[in-house]
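Asks: sequence-free structure coming up:
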């Protein structure tokens, strides 16, 4: 019996959310971010490479569109492909069950790291000259997500743009992890009166 990507993420979250919360307490936001990003990055780069080779389509845009269809097998995303060329794909997501799930766990900041964060190394595995930009996500509290994938002819330009995007996202992920840790530290412990 095959498990859908959505069900896989939910099962992983049951283990990873408590683990990342413990790492935040022990290591702090920056070290936790680095450790978790590197660990999931290695896995998802390999996954992107292996999956992308099997997808239907003659070019990057078509294969990426096929990936969206496969990923959305049980409809966790309400999305629309806005533009597709042989070297690009732009999509908008207006509904995200991943974000709803992580909010239900009171962990949207961790969802941004554990779920949304995997898209960058996955893209790198798909094509080393592909760059994904995602200026906003529902997981961060926006009303929609925007995805922009482009394959660059110049590998140096691709690396430079990837570096800027990953740095931008890393800063946001660390900021959200710090907020998460502060909110959890300020919350009353079980059996403790609020305001103590």
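Replies: That came through fine. Just so you know, these numbers come straight off a predicted model, no measurement behind them. Numbering: from 1, shown residues only.
Asks: just checking, what packs against the helix ranked longest in the chain?
Replies: Ranked by residue count under DSSP state H, the longest helix found in the chain is helix 155-186. Helix 155-186 is packed against helix 5-27, helix 29-54, helix 108-114, helix 119-126, strand 130-133, with contacts defined by 3 or more C-beta pairs under 8 Å, 6 or more residues apart in numbering; DSSP states H and E. Backbone N, C-alpha and C define where each C-beta goes, glycine included.
Asks: can you tell me which of those is most buried?
Replies: helix 108-114 (a mean of 25; mean count of other C-beta atoms under 10 Å).
Asks: for that one, which helices and strands make contact with it?
Replies: Using 3+ C-beta pairs under 8 Å, 6+ apart, helix 108-114 is in contact with helix 5-27, helix 29-54, helix 97-104, helix 155-186.
Asks: for residue 67, find the nearest of the ones you listed.
Replies: Set against residue 67 and scored by C-beta to C-beta, the helices and strands packed on helix 108-114 come closest in helix 29-54, at 6.9 Å.
Asks: got a list of contacts for the next helix-or-strand element following the closest one?
Replies: Counting by DSSP states H and E, the next helix or strand C-terminal to helix 29-54 is helix 60-71. The contact list for helix 60-71 (C-beta atoms under 8 Å, 6 or more residues apart in numbering) reads 5, 51-52, 55-57, 77, 79, 81, 84-89, 91, 126-127, 130, 149, 151.
Asks: ok, and for helix 60-71, which residues are buried?
Replies: 60, 61, 62, 63, 64, 65, 66, 67, 71 (16 or more other C-beta atoms under 10 Å).
Asks: which neighbours does whatever helix or strand comes next after it have in its sheet, and in what orientation?
Replies: For helix 60-71, the following helix or strand on the C-terminal side (DSSP H and E) is strand 77-85. Taking DSSP bridges as the criterion, strand 77-85 sits next to strand 88-96 (antiparallel) in its sheet.
Asks: avg pLDDT for the strand it pairs with?
Replies: Averaged over strand 88-96, pLDDT sits at 98.
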